[in-house]
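Visitor: fold the stuff below for me.
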Amino acid sequence: MGYAKEEQETTLVYSAEDNEWSGYSCYSPHITKIVKLLGIENIDAEYEDGRESPLSIKFKLKSNQVSFRQGNKREMSEEQKQKAAERLAKARENK
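Guide: Residues are numbered from 1 along each chain as shown. Got it, this is the predicted structure:
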């Protein structure tokens with residue numbers, strides 16, 4: 001059954017004393033990423049009857065495993081866009 005869309009969440013809480021993050025997630029895409037990162041043996045997982053993947057997880061992350069980055073949006077000139085489109089068309093032809 002799982003959780004309704006409006007109930008799905010991922011939370012992180014930082015402890016300066018322990019210098020680590022405590023997390024909880026019941027959002028499937030985040031659960032998948034965290035399990036791949038930490039391994040299923042390093043998380044506290046809750047399962048639903050008949051379900052192989054976790055319904056929700058609790059986990060700990062080291063301070064260096066969390067990063068806040070601002071995405072870099074690249075601005076391209078019309079000429080650069082045209083050249084990129086030509087390269088893509090050529091690559092598709094060679095497939």
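Visitor: quick check: closest non-adjacent residue to residue 48.
Guide: residue 55 (4.7 Å; C-beta to C-beta, 6 or more residues apart in numbering). In short, each C-beta sits where N, CA and C put it, glycine included.
Visitor: also residue 84?
Guide: residue 76 (7.0 Å).
Visitor: go ahead and confirm that neighbour touches residue 82.
Guide: No: Residue 76 lies out of contact with residue 82 (C-beta atoms under 8 Å); the separation is 9.4 Å.
Visitor: give me the common contacts of those two.
Guide: Residues touching both residue 76 and residue 82 by C-beta atoms under 8 Å, 6 or more residues apart in numbering: none at all.
Visitor: quick one: contacts of whichever helix in the chain runs longest?
Guide: Secondary structure of the chain read by DSSP state H shows that its longest helix is helix 78-93. For helix 78-93, the surrounding residues in contact (C-beta under 8 Å, 6+ apart) are residue 76.
Visitor: for that helix, give the mean pLDDT please.
Guide: The average pLDDT within helix 78-93 is 93.
Visitor: for stretch 30-45, same thing?
Guide: Averaging pLDDT along stretch 30-45 gives 95.
Visitor: for that stretch, output the C-alpha coordinates as CSV.
Guide: Backbone C-alpha positions of stretch 30-45 (Å, rounded to 0.1, in the frame of the first residue of the first chain) are rendered in CSV as follows:
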residue,chain,number,x,y,z
HIS,A,30,15.3,8.8,-1.9
ILE,A,31,15.1,5.5,-0.1
THR,A,32,16.7,3.8,-3.2
LYS,A,33,19.5,6.4,-3.3
ILE,A,34,20.2,6.2,0.4
VAL,A,35,20.2,2.4,0.4
LYS,A,36,22.7,2.4,-2.5
LEU,A,37,24.9,4.9,-0.6
LEU,A,38,24.9,3.3,2.8
GLY,A,39,23.9,-0.3,2.2
ILE,A,40,20.8,-1.9,3.6
GLU,A,41,22.7,-3.3,6.6
ASN,A,42,23.5,0.3,7.7
ILE,A,43,19.9,1.6,7.9
ASP,A,44,16.9,0.9,10.1
ALA,A,45,14.2,-0.2,7.6
